[in-house]
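S.K.: Give me a 3D structure for the following:
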Amino acid sequence: MSNNLEVLLIHQKYGSINMGSMAVGVGSFNDPMDIPGMAHFVEHALFLGNQKYPEPNGFETFIAQHGGVRTAYSHAESTNYDFAVSPNSLNETLERFVTFCIKCVNNLNNERLTRYVLSYIVRLCTVLCCI
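M.R.: Numbering: from 1, shown residues only. As a prediction, the model looks like this:
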């Protein structure tokens, strides 16, 4: 794609579930020296809501209500976000999935931590800027 995002589509004619995954090139090796665990923290913070879908754990609730599962995990050089959901709810799932990184909710109280988190979210989600 024009934003260097690599997309792989696999069609299973008789599949009963749709899956999506996003891997981004930010992981624990990118943690600030004075705040170890930042990549893992941000991985979880993205599920706290955003301006369009402000409810904490709303994505997980939506996925569960539509017969699916979600997971996320951090590595040294990357962070992955995955989901599986029933085919009839794929469009709304994708909408919610990409909205993680757009206008995220800033519900942290510590100004310094907030600055690091927002910086990480921007770096983490740069791949979505042209979608």
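
S.K.: Tell me which helix or strand residue 64 sits in.
M.R.: Using DSSP states H and E, residue 64 falls within helix 58-65.

S.K.: State the next helix or strand along the chain beyond that helix.
M.R.: Next element after helix 58-65 (DSSP H and E): strand 69-74.

S.K.: just checking, what packs against the helix holding residue 64?
M.R.: Helices and strands touching helix 58-65, as assessed by 3 or more Cβ pairs under 8 Å, 6 or more residues apart in numbering; DSSP states H and E, comprise strand 69-74, helix 90-99. Backbone N, C-alpha and C define where each C-beta goes, glycine included.

S.K.: can I assume residue 26 is in contact with residue 79?
M.R.: Yes: shown here, residue 26 and residue 79 form a contact pair, counting by Cβ atoms under 8 Å, at 5.9 Å.

S.K.: which ones are touching residue 58?
M.R.: By Cβ atoms under 8 Å, 6 or more residues apart in numbering, residue 58 lies in contact with 49, 96.

S.K.: what ranges do the helices span in this protein?
M.R.: Assigned by DSSP state H, the helices in the chain fall at 38-45, 58-65, 90-99, 111-125.
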